[in-house]
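A.B. asks: generate a structure from the sequence data that follows.
(one chain, ligands or ions: 1)
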Amino acid sequence: MNTKLIDWPTFIGAFLILLAVTVPLILFPEAGAEVINMANTFMTTKLGVFYILLGISSLFFLLYVAFSKHGRIKLGSREVKREFNTFSWAAMLFSAGIGSSILYWGMIEWAYYYQGPPFNAVPESREAIEYAATYGIFHWGPIAWAIYTLPALPIAYFYYVRKKPVLKISESVRPVLGKLVDGPLGVIIDVLFMFGLMGGAGTTLALGTPMIAEGVSEVTGFPVTMGLQTIIMLVATVIFALSSYSGLQKGIKVLSDVNIYLALFILAFIFLFGPTIFISETTVSSLGILMDDFFRWATWLDPLSNVDGFADTGFPESWTIFYWAWWLVYAPFVGLFVARISRGRTIREMILGTMLWGTLGCILFFGILGNFGVYLQISGSFDIIAYMNEFGAPAAIIEILNQLPMPWLIVFIFTILALIFLATTFDSASYILASVVQKHIDTGEPLRWNRLFWAFTLLLLPLTLMFIGGLETLQTASIVAGFPVIFIMFLLAWSFIKASTHDLKAQREYRTAVIHIERKPGRK
Ligand code: NM2
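C.D. replies: Predicted structure coming up:
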């Protein structure tokens, strides 16, 4: 076992912070859950404005970079070819950044908006239906993908343009922090990012496991028990550990391709055997509503809810802020991953490709899965809301699928898909966690034992919390774990601009050939 490559302070720091959260939760589950809930409420009600500003500014920032000279910088020298074709590239980035949660929320998010719509609309009204069909697309749309893409800029830039073989967040903020990143501050940045990612992964597992368990129970007839959920977590871990172990070109790429094909199958099936016209019309109309209302939603904090005498909808806190926090904790990881697979592309292609493919993919899921449910509800064929309020969201999701032809087969495929979706997020997450705790990556991939270690570590918090009955606490873990990441995002954006402006200027003045700028098409 090679341990010389390991950056021990970061490795141990991240592991200790995880233990520091897990152990007290095991010892004092109730008090622990209370503290976490208090922290969540504080973050979303008092500091929500930071998350909202972060979202909208990330979008503007990326659009600026994409269309400025920075966007034409190529990730790699002139002769470097793209490492992956666009299909695999888009499939991998989508599968890494999106996990089983899209199946969960794609199927059921609308039901929450329908019952508790934003902007004081009347619940279950016509207006509420429009919000229900559209808000999910907003929460999984351009702002969300902008949050994901931002960290990829400095990371890809340093990796492929300045050719530093380190996949670390701290390394990417060196232009701003200078030598400080070699000291404790660098370790703190990496550890906070790793902690954020573990929180985000916790949210994912806490939502995904009960849904997969319902699916398994439907197919096999076993009741949903803690034992079943534990087995599911372990099976998921073995799949993603194996995939991460076999590396980027084999495991991760193959699993992502399978994932996309299965997902397309489920989507096509529901689209064709569900209310095709309703789904198409509602999705297209939602795009219009979204474009019309985009900036209003992107900045809505419902300020009156803090004033006595006005109703507190809690909508921005429970949804937009929660979502931005959740995308945020995943962002440096997705950034590292997107950067790693984008060799040979320009910065502009990386930005626009990620935002476009990502958003389109999410529109497909929310448009088809969500509107199928909306239709069942409002046409009176199945009262999903009543079912969900009685049996919970995971059971309602499976019951919605049961309304389709060949329900057994569909639930079976859906459950397998959810498991693979989970695995394709976690394999890349453990791959990235392993990269970050190495001083450098000589062979192009982090050490194998290191990848396995983080694969199993990712499971530690969710598994313990499940045993003490705290999966619900974990569903919002992203919020608390994400706050420090806001500052890291700011540093990342600043670093990228500082370094690339410097290099562009040097190139102009001294004709150094550090960067390769792609010419505009057609210009010689
Ligand atoms: N995001 C995309 O659980 C998952 O699907 C992974 C979730 C941040 C909402 C990411």
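A.B. asks: quick check, distance from the helix of greatest length in the chain to the centre of its chain.
C.D. replies: The residue-count maximum for a helix in the chain (DSSP state H) belongs to helix 184-220. Put simply, helix 184-220 sits 10 Å off its chain's centre (C-alpha atoms, centre = their mean, to the nearest Å).
A.B. asks: avg pLDDT for that helix?
C.D. replies: Here helix 184-220 scores 90 as its mean pLDDT.
A.B. asks: what angle do the helix or strand that that helix is followed by and helix 184-220 make?
C.D. replies: Sequence-wise, the next helix or strand downstream of helix 184-220 (DSSP states H and E) is helix 226-246. Inter-element angle recorded for helix 226-246 and helix 184-220: 120 degrees (by axes from the mean of the first three to the mean of the last three C-alpha atoms, to 10 degrees).
A.B. asks: name the helices or strands packed onto helix 226-246?
C.D. replies: Helices and strands touching helix 226-246, as assessed by 3 or more C-beta pairs under 8 Å, 6 or more residues apart in numbering; DSSP states H and E, comprise helix 184-220, helix 253-273, helix 407-436, helix 448-467. Just so you know, the C-beta spots here come from the backbone N, C-alpha and C atoms, and that holds for glycine as well.
A.B. asks: hmm, it in reach of the ligand?
C.D. replies: No: Helix 226-246 stays clear of the ligand (C-beta under 6 Å from any ligand atom), getting no nearer than 12.0 Å.
A.B. asks: output that helix as PDB - backbone C-alpha positions only.
C.D. replies: C-alpha atoms of helix 226-246 as PDB (Å, rounded to 0.1, in the frame of the first residue of the first chain):
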ATOM      1  CA  MET A 226     -34.300  -1.300   8.600                       C
ATOM      2  CA  GLY A 227     -32.600  -4.500   7.600                       C
ATOM      3  CA  LEU A 228     -33.700  -4.100   4.000                       C
ATOM      4  CA  GLN A 229     -32.600  -0.500   3.900                       C
ATOM      5  CA  THR A 230     -29.200  -1.500   5.300                       C
ATOM      6  CA  ILE A 231     -28.800  -4.200   2.700                       C
ATOM      7  CA  ILE A 232     -29.700  -1.700   0.000                       C
ATOM      8  CA  MET A 233     -27.100   0.800   1.200                       C
ATOM      9  CA  LEU A 234     -24.500  -1.900   1.300                       C
ATOM     10  CA  VAL A 235     -25.300  -3.200  -2.200                       C
ATOM     11  CA  ALA A 236     -25.100   0.300  -3.500                       C
ATOM     12  CA  THR A 237     -21.800   0.800  -1.900                       C
ATOM     13  CA  VAL A 238     -20.400  -2.400  -3.300                       C
ATOM     14  CA  ILE A 239     -21.500  -1.400  -6.800                       C
ATOM     15  CA  PHE A 240     -20.000   2.000  -6.600                       C
ATOM     16  CA  ALA A 241     -16.900   0.900  -4.800                       C
ATOM     17  CA  LEU A 242     -16.200  -1.600  -7.600                       C
ATOM     18  CA  SER A 243     -16.900   1.000 -10.200                       C
ATOM     19  CA  SER A 244     -14.700   3.500  -8.500                       C
ATOM     20  CA  TYR A 245     -12.000   0.800  -8.000                       C
ATOM     21  CA  SER A 246     -11.900  -0.100 -11.700                       C
END
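A.B. asks: mind listing what's buried along it?
C.D. replies: By neighbour count with 16 or more other C-beta atoms under 10 Å, helix 226-246 contains the buried residues 228-229, 232-233, 236-237, 239-241, 243-246.
A.B. asks: circling back to that earlier point, let's have the helices and strands packed on helix 226-246 in TSV, adding distance to residue 331.
C.D. replies: Output for these, formatted as TSV (distance: least, C-beta to C-beta, whole Å):
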stretch	distance to residue 331
helix 184-220	9
helix 253-273	19
helix 407-436	12
helix 448-467	17
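A.B. asks: and residue 27, which of the ones you listed is closest to it?
C.D. replies: Closest of the helices and strands packed on helix 226-246 to residue 27 is helix 448-467, at 10.8 Å (criterion: C-beta to C-beta).
A.B. asks: quick one, the closest one and helix 184-220 angle?
C.D. replies: Going by the same axes, to 10 degrees, helix 448-467 makes 60 degrees with helix 184-220.
A.B. asks: what's next to helix 448-467, contact-wise?
C.D. replies: 1, 6, 15, 18, 21-22, 25-26, 198, 201-202, 205-206, 209, 226, 229-230, 233-234, 237, 240-241, 244-245, 426-427, 429-431, 433-434, 437-438, 471, 473-474, 477 (C-beta atoms under 8 Å, 6 or more residues apart in numbering).
A.B. asks: which members of these are classed as buried?
C.D. replies: The neighbour-count test (16+ other C-beta under 10 Å) marks 6, 15, 18, 21-22, 25, 198, 201-202, 205-206, 209, 229, 233, 237, 240-241, 244-245, 426-427, 429-431, 433-434, 437-438, 471, 473-474, 477 as buried among the contacts of helix 448-467.
A.B. asks: which stretches of this structure have low pLDDT?
C.D. replies: Along the chain, the parts satisfying pLDDT under 70 run over 1, 165-166, 244, 247-252, 442-444, 468-472, 511-514, 519-524.
A.B. asks: how about the strands of it, start to end?
C.D. replies: Assigned by DSSP state E, the strands in the chain fall at 73-74, 516-517.
A.B. asks: now, of those strands, which is deepest in the fold?
C.D. replies: Highest mean neighbour count among the strands of the chain (mean count of other C-beta atoms under 10 Å): strand 73-74, with a mean of 22.
A.B. asks: packing partners of it?
C.D. replies: Counting by 3+ C-beta pairs under 8 Å, 6+ apart, strand 73-74 packs on strand 516-517.
A.B. asks: can you give the strand pairings for the strand it packs on, parallel or anti for each?
C.D. replies: Strand 516-517 sits in its sheet next to strand 73-74 (antiparallel), going by DSSP bridges.
A.B. asks: what's in contact with the strand it pairs with?
C.D. replies: Defining contact as C-beta under 8 Å, 6+ apart, one finds that strand 73-74 is touched by 80, 157, 161, 344-347, 500, 504, 515-518.
A.B. asks: next one: stretch 378-391
C.D. replies: Stretch 378-391 is contacted from outside by 108, 111, 114-115, 129, 275, 373, 375-377, 395-396, 399-400, 403, using C-beta under 8 Å, 6+ apart.
A.B. asks: let's have the contacts of strand 73-74 in a markdown table, adding distance to residue 421.
C.D. replies: Shown next, in a markdown table, are these (distance: C-beta to C-beta, whole Å):
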| residue | distance to residue 421 |
| --- | --- |
| 80 | 31 |
| 157 | 30 |
| 161 | 32 |
| 344 | 27 |
| 345 | 25 |
| 346 | 29 |
| 347 | 28 |
| 500 | 34 |
| 504 | 40 |
| 515 | 37 |
| 516 | 36 |
| 517 | 38 |
| 518 | 34 |
